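Asks: how does the following fold in three dimensions:
(chains A and B)
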Amino acid sequence: MNVATLTIDAVAKRLAAKEITAVELAQEALRFAKQENPKTNAYLRFCDDRALAAASAVDAQLERGETLGPLAGVPIAVKDVIVTKGVRTTCGSKLLENYIPPYDATAIERIEAAGGVIIGKTNCDEFAMGSSNENSAYGPVRNPVALDRVPGGSSGGSGAVVAQGTAVVSLGSDTGGSIRQPASFCGVVGVTPTYGRVSRYGLVAFASSLDHIGPFARNVSDAATLLQVMAGRDPMDSTSASAPVPNYAASFGKPVKGMKIGLPKEYFQGLASDTADRINKGVALLEQMGCEVHEISMPYTGYAIATYYIIATAEASANLARFDGVRYTTRSAKSETLSGMYTNSRGEGFGAECKRRIMLGTYVLSSGYYDAYYLRAQRVRSLITKDFANAFQQVDALITPVSPFPAFKIGEKVNDPIQMYLSDIYTITGSLAGIPCMSVPCGVTGEGLPVGMQILTRHFGEETMFQLAQAFEQGGGFAV
Amino acid sequence: MKITEKEVRYVAGLANLSLSQEELLKFASDLDGILSHMDKLNEVDTTGVEPMAQVLFDAEETATLRDDVERTPLSNAVALANAAVSGAGYFKVPKVIER
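Replies: Sure, this is the predicted structure:
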């Protein structure tokens, strides 16, 4: 059996037909993933015991003739910033190299309750800070599509495993594009749901007002199924939304004829020509399918990067204060005094990008600069969000590129933080507004590198987003 | 220069971060570049615009309330299991008399 091309539906069919047991599937998935992993470094570790226990539970359910959960037997990879009870969770950081969480994230509990089989933890930029997965303390991830290139970041490992076929679906986290950008670079589907749609309980915090958990998958239906399982109010996260969760699959197959699509002109400036070409072809396909395409303007788009890197780093500087050598992290040997223990443990443990962002965040929050940077950025965030509200009065969905360029070479941008930050230019706006957004594959460049098309809808507009994405997929859009 | 080496040293102190001399110089230059980019926000007229601290949508006022029921917390041993140094049921830190 080829696990590399499995989908959730295919797993369900094979289990129901007794072609394979969940334990056999988990064993084969683990064997294949371990065999392939040295090529990409996408997994940091595997959790065989946990996977086999979950798979045995599914087999026992089958034996008793019970109805299986929607993820029964599905091998799933989880980004290493999401805590897993008893399974080491490092956040890609040296500071947490020995951290074994005493609890599961809510998303993990829900996945296993639905029969999902978590097989391992994936590499990522340290504390999810980065756009290329080059900031991991455990080495960069290679893009399975082109091994000399980055998989994107920060959820680079989670994008890579789904592209490589070493997991059926995976979990990532997205603060400014960390699911959508790697999905686009690796040629898979990646979804950032509405802020609050999935509980953040157990997601190690980077920027609390921007952090999301979301799925990676090889098709739209699998992404929707995984989101469906995780979505919904959680008393453990007061920012999780209580809005009812619709049945996402019910939107599949509904005609998209007459759907109004907006192309914000600000997102089509400064694009690599190959990327622009693919996105234009994708839009043309949607038009052929009967969508009405309107060019619109979102005038505050150009301010998003500055706004994001003020707000996100300010929140990060506060959130990362907990890593101090006391409760979770490794402690510096140079710890004669309390303050020396703090500063040395943090100075030795954090990588360069985390330090840079902690410094920036501390600076913009410091006395005398708070109003000039942080408060101003929060006001501009309101304006960017209003841009979206205005847009969604005219159209049902927005289509944009995910990234201005395809996957770049490992090392290409590593010494230029501003260039690296600018690669998030099209994903950051949706994060600031907290609306659902996703990346779907939209053909490849002349060099064979995947291009991602971004679909954005209004708050809790996941049904519309999935409907459009699935129609695009069915219409051949992934290979346009 | 928007930010001097002295300021970088001050901010590193606020952040409880020890930095090497090399890192101080590198961050002075990096932060300078990044903050210059952020000055772009000064172009925006934000008069009368409310700051947005959180993504807000219509939720009932009691959305964040839950029943006050007892739940089992982490045990002392479990809570200490990841500590670098612990003993007698506590996190251990260096002696705190003066900074």
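
Asks: ranges for the strands of the stretch 351-480 of chain A?
Replies: Applying DSSP state E, counting those that start in this stretch to the stretch 351-480 of chain A gives strands spanning A:397-401, A:437-444, A:450-456.

Asks: and for the residue of the stretch 51-200 of chain A found nearest chain B, the neighbour number?
Replies: Going by CB to the nearest CB, chain B is nearest to A:Tyr195 of the stretch 51-200 of chain A, at 4.1 Å. For every residue, glycine as well, the C-beta is placed using N, CA and C. For A:Tyr195, the neighbour count with other CB atoms under 10 Å in any protein chain shown is 26.

Asks: how near is it to A:Cys437?
Replies: Distance of A:Tyr195 to A:Cys437, computed by CB to CB, to the nearest Å: 11 Å.

Asks: same deal with B:Asn76?
Replies: Counting by CB to CB, the gap from B:Asn76 to A:Cys437 is 43 Å.

Asks: the two: who's more crowded?
Replies: Just comparing B:Asn76 and A:Cys437: by other CB under 10 Å the higher neighbour count belongs to A:Cys437, 32 against 11.

Asks: look at the more buried one and report its pLDDT.
Replies: A:Cys437 is assigned a predicted lDDT (pLDDT) of 98.

Asks: my guess is it contacts A:Arg458. True?
Replies: No - judged on CB atoms under 8 Å, A:Cys437 makes no contact with A:Arg458 at a distance of 11.0 Å.

Asks: so which residues of chain B form helices?
Replies: For chain B, the helices defined by DSSP state H occupy B:5-14, B:21-38, B:76-80.

Asks: need the ones you listed in CSV with distance to A:Ala249, can you?
Replies: Shown next, in CSV, are the helices of chain B (distance: least, CB to CB, whole Å):
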stretch, distance to A:Ala249
helix B:5-14, 50
helix B:21-38, 43
helix B:76-80, 39
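
Asks: can I get those helices in JSON lines with mean pLDDT and distance to chain A?
Replies: As requested, those are exported to JSON lines (pLDDT from 0 to 100; distance: least, CB to the nearest CB, whole Å):
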{"stretch": "helix B:5-14", "mean pLDDT": "95", "distance to chain A": "5"}
{"stretch": "helix B:21-38", "mean pLDDT": "93", "distance to chain A": "4"}
{"stretch": "helix B:76-80", "mean pLDDT": "95", "distance to chain A": "5"}
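
Asks: which one, of the ones you listed, ends up nearest to A:Ala114?
Replies: helix B:76-80 (26.3 Å; CB to CB).

Asks: give me the contact list for the closest one.
Replies: Residues from elsewhere that reach helix B:76-80 (CB atoms under 8 Å, 6 or more residues apart in numbering or on different chains): A:102, B:86, B:89-91.

Asks: can I get that helix in CSV, CA atoms only?
Replies: The C-alpha atoms that make up helix B:76-80 are tabulated as CSV, following Å, rounded to 0.1, in the frame of the first residue of the first chain:
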residue,chain,number,x,y,z
ASN,B,76,2.9,19.2,42.6
ALA,B,77,5.2,16.5,41.2
VAL,B,78,3.9,16.9,37.7
ALA,B,79,4.2,20.7,37.8
LEU,B,80,7.8,20.4,38.9
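
Asks: that'll do, ta.
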